[in-house]
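Peer 1: Here is a sequence with its predicted model. Questions after.
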Amino acid sequence: MNEESVLVTRSLHKDFGAAPALVHAVNGVDLQVRRGETVAVMGPSGCGKSTLLHLLGGLERPSAGAVDVAGQPFDRMSEKQLARARRATVGFVFQAFHLMDELTAVENVELPALVAGVAPKTARARATALLEQVGLAGRATFLPAALSGGQKQRVGVARSLVNEPTVVLADEPTGNLDTAATEDVLRLFGRLRDAGQTLILVTHDQRIGDAADRLISMRDGVFVGDTRPPAGREA
Ligand SMILES: Nc1ncnc2c1ncn2[C@@H]1O[C@H](COP(=O)(O)OP(=O)(O)OP(=O)(O)O)[C@@H](O)[C@H]1O
């Protein structure tokens with residue numbers, strides 16, 4: 001593994017189904033992501049973006065090939081080891097937020113820390129600080145139903161950070177948001193990037209692609225482009 005790389009895949013494959021309906025959703029992906037890089041992954045519907053993200057985050061197992069995150073071999077771990085490694089190294093942001101409806105904003109943010117065994121007081125302090133960072137200090141005790149879409153996503157981003165992950169993986173993070181809320185969330189990702197957070201963003205939003213350090217284009221399960229846009233920060 002390259003010393004600077006915090007995420008590496010080798011010849012990664014994921015198949016679904018069986019012949020004659022076999023789908024090669026991810027069909028041989030070699031990727032190295034450096035610490036602090038913001039990577040956007042774009043491509044047409046069904047090209048394998050979400051599947052790739054799930055493989056990178058250990059939510060799905062590859063059919064073949066390797067995934068290393070922070071030096072941890074996700075593809076070779078037991079379920080128990082993988083769950084622990086995932087909690088410690090990866091934060092997820094979802095298009096549909098995936099917040100727990102019956103928990104307040106701060107309870108949603110602290111939950112992954114509690115699951116990871118962090119003491120309740122510490123977890124609450126971290127969650128409170130993160131809500132402040134995403135501009136929602138005044139909404140800590142609100143239930144998701146009382147938050148706007150953009151606010152929900154900012155809670156989702158705060159939650160993704162609570163275990164200080166090596167990498168944040170976001171699947172269409174602005175896909176459910178209106179223009180103003182999209183701007184808010186884009187600004188938030190910009191701040192995370194400036195703070196040195198490694199980010200991988202699957203998106204249809206060209207603005208996210210343009211703002212990334214690196215833009216990967218996917219088609220039919222493979223990378224067909226991997227560029228650093230001129231506007232992107234030099235790594
Ligand atoms: N659980 C599954 N079972 C069977 N086929 C699947 C499964 N998940 C994904 N696929 C197939 O794998 C391919 C890639 O799907 P994936 O969701 O990764 O694409 P995507 O690029 O994220 O699409 P979109 O932009 O529409 O979200 C598609 O052909 C899809 O139908």
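Peer 2: All right, it came through fine. Numbering: from 1, shown residues only.

Peer 1: so who does the nearest residue in space to Val202 that is not next to it in sequence touch?
Peer 2: Excluding its sequence neighbours, the residue lying closest to Val202 (CB to CB, 6 or more residues apart in numbering) is Lys49, at 4.4 Å. For the C-beta atoms, the positions are set from N, CA and C on the backbone; glycine is no exception. Counting by CB atoms under 8 Å, 6 or more residues apart in numbering, Lys49 touches 41-43, 171, 202, 218.

Peer 1: Now pLDDT and neighbour count too, for these, in CSV please.
Peer 2: As requested, the contacts of Lys49 are arranged in CSV below (pLDDT from 0 to 100; neighbours: other CB atoms under 10 Å):
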residue, pLDDT, neighbour count
Val41, 97, 28
Met42, 97, 20
Gly43, 96, 22
Asp171, 96, 21
Val202, 96, 26
Met218, 98, 23
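
Peer 1: Now render these as JSON lines, adding secondary structure and distance to the ligand.
Peer 2: Formatted as JSON lines, the contacts of Lys49 follow (DSSP: H, G, I helix; E, B strand; the rest coil; distance: CB to the nearest ligand atom, whole Å):
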{"residue": "Val41", "secondary structure": "strand", "distance to the ligand": "9"}
{"residue": "Met42", "secondary structure": "strand", "distance to the ligand": "9"}
{"residue": "Gly43", "secondary structure": "coil", "distance to the ligand": "6"}
{"residue": "Asp171", "secondary structure": "strand", "distance to the ligand": "8"}
{"residue": "Val202", "secondary structure": "strand", "distance to the ligand": "7"}
{"residue": "Met218", "secondary structure": "strand", "distance to the ligand": "7"}
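
Peer 1: can you put those residues in CSV and add distance to Ala83?
Peer 2: Output for the contacts of Lys49, formatted as CSV (distance: CB to CB, whole Å):
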residue, distance to Ala83
Val41, 24
Met42, 30
Gly43, 29
Asp171, 19
Val202, 22
Met218, 27
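
Peer 1: rewinding a little: tell me the pLDDT at the residue nearest to Val202?
Peer 2: On pLDDT, Lys49 comes in at 97.

Peer 1: before we move on, what about Arg207?
Peer 2: On the pLDDT scale, Arg207 gets 89.

Peer 1: again, but for the one 4 residues further on
Peer 2: The predicted local confidence for Ala211 comes out at a pLDDT of 88.
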